[in-house]
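**Student:** predicted model follows, preceded by the sequence.
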Amino acid sequence: METGSQLVKQLRKITQHYAYASIQMHEAIARRAGLSGTDHKYLGFLLQNGQMTAGQLSSLSGLTTGAVTGLIDRFEKKKLVKRQFAKDDRRKVMIEPNIKNIMALLEPLFTEFGNKSEKLIASFSGKEIKIIEAYFLKAIEIMEETTNLTAGTDKSKTK
């Protein structure tokens, strides 16, 4: 019979494997899409949030403003975004995602994964889904706290 600490170690090992498999999958998708590394994940920020400044994308992604400039340059070449001056302040440049082009590029690469993921989720009971959801929400919170501490942006220290 497994002890609590053995179960924790086993789950930790599985979640690490999940994280590594996720990185490998996203790297493969990026290459297939003609992008580098996790560039397609940064497109997700634009898809979710819509138009934003480079500074906002930098804050969301954790990338430096210089890295975001390079990212936007790469996206512009592929016609995935365009730069526009803000209507209220022409010094501010807005990054406008081209949703149609982004979806045309990425949707075919995620269709099978999405379908299989939905079938997997549907195979769990409502109660099991709530447990999985609770785990992921708390894990996300822990990762965000760790990110903020590591990046030196821990908001709890300023209180």
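**Tutor:** Structure received.
**Student:** next, count neighbours for the closest residue in space to residue 39 that isn't next to it in sequence.
**Tutor:** Of all residues not flanking residue 39 in the chain, residue 30 sits nearest, at 5.9 Å (C-beta to C-beta, 6 or more residues apart in numbering). Every residue, glycine included, has its C-beta placed from N, CA and C. Burial of residue 30 is recorded as 19 neighbouring residues (other C-beta atoms under 10 Å).
**Student:** a helix runs through residue 30, doesn't it?
**Tutor:** Yes. Counting by DSSP: H, G, I helix; E, B strand; the rest coil, residue 30 is located in a helix.
**Student:** roughly how far does it sit from residue 42?
**Tutor:** Separation of residue 30 from residue 42 (C-beta to C-beta, to the nearest Å): 10 Å.
**Student:** likewise for residue 145?
**Tutor:** With C-beta to C-beta as the criterion, residue 145 and residue 42 are 22 Å apart.
**Student:** so for stretch 11-24, mean pLDDT?
**Tutor:** Across stretch 11-24, pLDDT averages out at 94.
**Student:** and the contacts of it?
**Tutor:** Applying C-beta atoms under 8 Å, 6 or more residues apart in numbering, the external contacts of stretch 11-24 come out as residue 139.
**Student:** element containing residue 82?
**Tutor:** Taking DSSP states H and E as the definition, residue 82 sits inside strand 81-85.
**Student:** ok, now residue 56?
**Tutor:** Assigned by DSSP H and E, residue 56 falls in helix 54-61.
**Student:** now residue 14
**Tutor:** Assigned by DSSP H and E, residue 14 falls in helix 4-32.
**Student:** now do the helix or strand immediately after that helix in the chain and helix 4-32, the angle between them.
**Tutor:** With elements assigned by DSSP H and E, the helix or strand that comes after helix 4-32 is helix 39-49. Inter-element angle recorded for helix 39-49 and helix 4-32: 90 degrees (by axes from the mean of the first three to the mean of the last three C-alpha atoms, to 10 degrees).
**Student:** which outside residues touch helix 39-49?
**Tutor:** By C-beta under 8 Å, 6+ apart, helix 39-49 touches 26, 29-30, 33, 52, 56-57, 60-61, 63, 71, 74-75, 80-81, 95, 97, 99, 102, 106.
**Student:** rewinding a little: list the strands paired with the strand holding residue 82, with their directions.
**Tutor:** strand 93-97 (antiparallel) (DSSP bridges).
**Student:** report pLDDT for the residue positioned nearest the centre of the chain.
**Tutor:** Note on the chain: the residue nearest the mean C-alpha position is residue 41, at 4.8 Å, using C-alpha atoms, centre = their mean. Note for residue 41: predicted pLDDT of 87.
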